[in-house]
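Asks: What would the 3D arrangement of this be:
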Amino acid sequence: MPNDISALLSSPIEHFLNTNVAILEGDKFTDQALNLMKERDVRSVLVSHMGEVVGIVSKTDILFKVMSQGRNPGKVRLREIMTSPVLAVGPQNTVQETLSIMDKHVVRQIIISSHSSVLGMVSRDDIFEKIHMATVSTAHTAIKGTPVCIINPKAIVYMKDVSSAKLMCPYCESPFDTKEGLSNHIDRFHSGSGVLEGDVRRMFE
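Replies: Numbering: from 1, shown residues only. Predicted coordinates for the structure are as follows:
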């Protein structure tokens, strides 16, 4: 499994394949699907007809299409609420391509198939979790001192630490520890800003 984020996004989606797939016939009821999802610890079930996958039903589908409408999950068949057709990508599609397809069709899960056979599924959450882990790993490596580029230096804005400064320039808010340093700074950079010698002296009083 690649750790670098760019390598991860360009890697085949088969690296993220989850073979723990639940399948039920379309004439089964939604309460049976819920029980199977709980048993298999999955978010959805694939709906089949005569051995072929024809749709998908997620926990969200059951919540909004059954529960929230006051329908009895023991009387609503999967084929009534399934999403069809099911989106699928090949195992060699990249992670980036797969995410783009899920974004385009507004889905959270997608089938990985080869030659009409279902190899498994992958979810957006699983992908983002691995991306997050890669990000944390990269940051940890950088902290340890290994030269890793994690941000464009030109995009960094360095903030001034004024918490320990005793004095601050009234014009540019640069912090200074000594009166002499502040005075020299004003003389060099703000001499034409209308600062009078008496004004500088009063700042130190």
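Asks: which residue ranges form the strands in the protein?
Replies: 23-25, 44-49, 52-58, 88-89, 109-114, 117-123, 167-168, 175-176 (DSSP state E).
Asks: Packing partners of the third one?
Replies: I take that to be strand 52-58. strand 44-49, helix 78-81, strand 109-114 (3 or more Cβ pairs under 8 Å, 6 or more residues apart in numbering; DSSP states H and E). In this view, the C-beta of every residue, glycine as well, is placed from N, C-alpha and C.
Asks: The last one versus strand 117-123: what angle between them?
Replies: Interaxial angle of strand 109-114 relative to strand 117-123 (axes from the mean of the first three to the mean of the last three Cα atoms, to 10 degrees): 150 degrees.
Asks: Strand 109-114: partners in the sheet, and parallel or antiparallel?
Replies: The strands beside strand 109-114 in its sheet (DSSP bridges) come out as strand 88-89 (parallel), strand 117-123 (antiparallel).
Asks: Domain ranges for this structure, per the record?
Replies: 5-130, 167-204 (automatic domain parsing).
Asks: now these as JSON lines including mean neighbour count?
Replies: Shown next, in JSON lines, are those (neighbours: other Cβ atoms under 10 Å):
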{"stretch": "domain 5-130", "mean neighbour count": "16"}
{"stretch": "domain 167-204", "mean neighbour count": "13"}
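Asks: could those be laid out in JSON lines, adding mean pLDDT?
Replies: Output for those, formatted as JSON lines (pLDDT from 0 to 100):
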{"stretch": "domain 5-130", "mean pLDDT": "90"}
{"stretch": "domain 167-204", "mean pLDDT": "60"}
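Asks: out of the helices and strands packed on strand 52-58, which comes closest to T30?
Replies: helix 78-81 (6.4 Å; Cβ to Cβ).
Asks: contacting residues around the closest one?
Replies: For helix 78-81, contacts defined as Cβ atoms under 8 Å, 6 or more residues apart in numbering pick out 24-30, 33, 45, 47, 49, 54-55, 57, 61-62, 65-66.
Asks: And stretch 53-69, by the same measure?
Replies: Taking Cβ under 8 Å, 6+ apart as the rule, stretch 53-69 contacts 23, 26, 30, 33-34, 37, 43-48, 71, 73, 76, 78-79, 81-86, 108-109, 111, 118.
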